[in-house]
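Visitor: can you look at this prediction? I've put the sequence above it.
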Amino acid sequence: MFACALIYGQPINPPYWALAALTFIVSSQIVSDPILDISSSRDMSWVMRHRIFAEWLMVSAVLLFLAFAFKVTDTFSRKVILTWFAATPFAVIAAQIALRRFAAFSALRGSIVQSHIVVGANECGRRLAQRLQANPHLGTFKGFFDDRIGDRLANLPEEQLLGTMNDVADYVRLNGVSNIYICLPIRAEERVMRLMEELRDTTASVYFVPDIFVFDLMRAQLADIDGIPVLAVCETPFSGMNGVLKRASDIAFASILIALLWPLMLVIAIGVRMSSPGPIIFKQRRYGLYGERILVYKFRTMSVCEDGSITQAKRDDPRVTRIGRFLRRTSLDELPQLFNVLCGSMSLVGPRPHAVAHNEEYRKLIDGYMLRHKVRPGITGWAQVNGLRGETESLEKMKRRVEYDLHYLRNWSLALDFSILLRTARIVLRDRNAY
């Protein structure tokens, strides 16, 4: 901010110092810790997907709200503030890249003297070792200790096996090891306790690494409940700040779309009313967040309004009206769901909600089916932009749709949401899977 002020010839007076302090306080509550992982290449697509853009957008929104609330917008130069808002994410990314390069350089020169060993050469231990070796700024990975021998340690380089668990304490004392990672299963409690007793005679830091890879992970994360650490292996991606970002983006985009599209929705409503007898809006019960029932709004496209035992629409379905066929093909019948988004029962992007009758059927047939309901259902989703839009006439097709939905939950980001929205806009007019 100070650099932007100097560029435009603005004096750095007390209000700018106050803004800098306020920005530091707000950012400390919103912006994540810097990413120092250098295990993979970082190209421009990674830069554009970087989480700092979403987090800085939230910081900027808070600052703008406070500025308007306290009527101090005229205190600052608009050119300075706009340039600062636009340049800050790129400056932060550049600083992180420079920090990673410096850390790697320092590690190669031996400036970083941390060293690590892993007790337990299992899948969990090997994954940890790979990450330690891929990030030299963390220090030097020395090797494994494991009581198993021979074929039970297949594919492990001989030079990486430093000994058995009985050798750990002596090796740590003789080689000045900084960190010990215990990657043993919980059932090895007796061996772990004995090892902990032996390590009391060293200054090494000891970490227990639970083997969470045995679970079908869903946004695994550590938490703290009044001082007791807990490990979540199946959690919603929208806990904490992610939930705030997701809801804020839903409200903002839904409001903009309604403001832009209300004339089109009015024309469609008149067309539906004149095309056939019946209500303009079709309301159907679906499962929403946490499996609670919600009402989903659509423009009526059929001559009947089913909400019990439902037969999915098929190609050339006689129940579909003439205008309804056009609305379904172009997905314009989904526009009323923007009001579902505003009310909080749906999201712009998420797993598509299925009819209650279908949910009750498929939850018994597809493993993990109800995990889709750990988030709000969406108007569009990852499955829909990957060719799974329209009728699911077979169990196998529904399984594929659920797989895509769970992939979305495991890998959610605001960038992924934006990508899905753009792909939806691109394919909706040329896709023929909806009817």
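Guide: Received the coordinates, thanks.
Visitor: residue 156 is in contact with residue 121, isn't it?
Guide: Yes - the criterion here is C-beta atoms under 8 Å, and residue 156 meets it with residue 121 at 5.5 Å. In this view, the C-beta of every residue, glycine as well, is placed from N, C-alpha and C.
Visitor: compare these two (neighbour count), which wins?
Guide: More crowded of residue 156 and residue 121, by other C-beta atoms under 10 Å: residue 121, with 22 against 17.
Visitor: which SS state does the more buried one fall under?
Guide: Judged by DSSP: H, G, I helix; E, B strand; the rest coil, the three-state class of residue 121 is coil.
Visitor: what sits against it?
Guide: If you count contacts by C-beta atoms under 8 Å, 6 or more residues apart in numbering, residue 121 has them with 144, 146, 148, 153, 156, 160-161.
Visitor: how does it look with 10 Å?
Guide: 129, 143-148, 152-153, 155-156, 160-161, 183 (C-beta atoms under 10 Å, 6 or more residues apart in numbering).
Visitor: low-scoring pLDDT stretches of the stretch 301-435 of the chain, where are they?
Guide: Applying pLDDT under 70 to the stretch 301-435 of the chain flags the ranges 304-318, 390-391, 429, 431-435.
Visitor: please enumerate the strands of it.
Guide: Counting by DSSP state E, counting those that start in this stretch, one finds strands in the stretch 301-435 of the chain at the ranges 347-349, 378-380.
Visitor: just give me how far the last one sits from the chain centre.
Guide: A distance of 16 Å separates the C-alpha centroid of strand 378-380 from that of its chain, computed with C-alpha atoms, centre = their mean, to the nearest Å.
Visitor: which helices and strands does it pack with?
Guide: helix 241-275, helix 337-343, strand 347-349, helix 414-427 (3 or more C-beta pairs under 10 Å, 6 or more residues apart in numbering; DSSP states H and E).
Visitor: any chance of the strands of the stretch 301-435 of the chain in JSON lines, plus distance to residue 98 and mean neighbour count?
Guide: Listed next are the strands of the stretch 301-435 of the chain as JSON lines, based on distance: least, C-beta to C-beta, whole Å; neighbours: other C-beta atoms under 10 Å:
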{"stretch": "strand 347-349", "distance to residue 98": "34", "mean neighbour count": "27"}
{"stretch": "strand 378-380", "distance to residue 98": "38", "mean neighbour count": "26"}
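Visitor: and of those strands, who's closest to residue 91?
Guide: Each of the strands of the stretch 301-435 of the chain has some distance to residue 91 by C-beta to C-beta; the shortest is strand 347-349, at 29.3 Å.
Visitor: who touches the closest one?
Guide: Outside strand 347-349, the residues touching it (C-beta under 10 Å, 6+ apart) are 238, 246-247, 249-254, 257, 288-289, 337-338, 340-341, 375-382, 384-385, 408, 412, 414, 416-421, 424.
Visitor: quick check, residue 200 in contact with residue 173.
Guide: No - at 11.5 Å, residue 200 does not count as touching residue 173 under the criterion of C-beta atoms under 10 Å.
Visitor: who has more neighbours, the two?
Guide: With neighbours defined as other C-beta under 10 Å, residue 200 and residue 173 compare such that residue 173 has more, 15 against 8.
Visitor: in the chain, which spans are helices?
Guide: 2-7, 14-30, 44-49, 51-69, 78-108, 123-134, 168-175, 189-198, 241-275, 322-330, 337-343, 356-362, 395-410, 414-427 (DSSP state H).
Visitor: out of those, which is closest to residue 368?
Guide: It is, among the helices of the chain and with distance given as C-beta to C-beta, helix 395-410, at 6.2 Å.
Visitor: can you give me the angle the closest one makes with helix 414-427?
Guide: 140 degrees (axes from the mean of the first three to the mean of the last three C-alpha atoms, to 10 degrees).
Visitor: can you give me the buried ones in helix 395-410?
Guide: 398-406, 408-409 (16 or more other C-beta atoms under 10 Å).
Visitor: of those residues, closest to residue 328?
Guide: Using C-beta to C-beta, residue 401 is the member of those that lies nearest residue 328, at 17.9 Å.
Visitor: from memory the closest one sits against residue 393, does it?
Guide: No - counting by C-beta under 10 Å, residue 401 stays clear of residue 393, with 11.7 Å between them.
Visitor: how about stretch 226-234 as CSV, C-alpha atoms only?
Guide: The C-alpha trace of stretch 226-234 is given here as CSV (Å, rounded to 0.1, in the frame of the first residue of the first chain):
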residue,chain,number,x,y,z
ASP,A,226,-11.3,-27.6,24.6
GLY,A,227,-7.7,-28.8,24.6
ILE,A,228,-8.4,-32.3,23.3
PRO,A,229,-7.0,-32.9,19.8
VAL,A,230,-9.4,-34.7,17.4
LEU,A,231,-8.8,-35.9,13.8
ALA,A,232,-11.7,-35.5,11.3
VAL,A,233,-11.6,-38.1,8.6
CYS,A,234,-15.0,-37.2,7.1
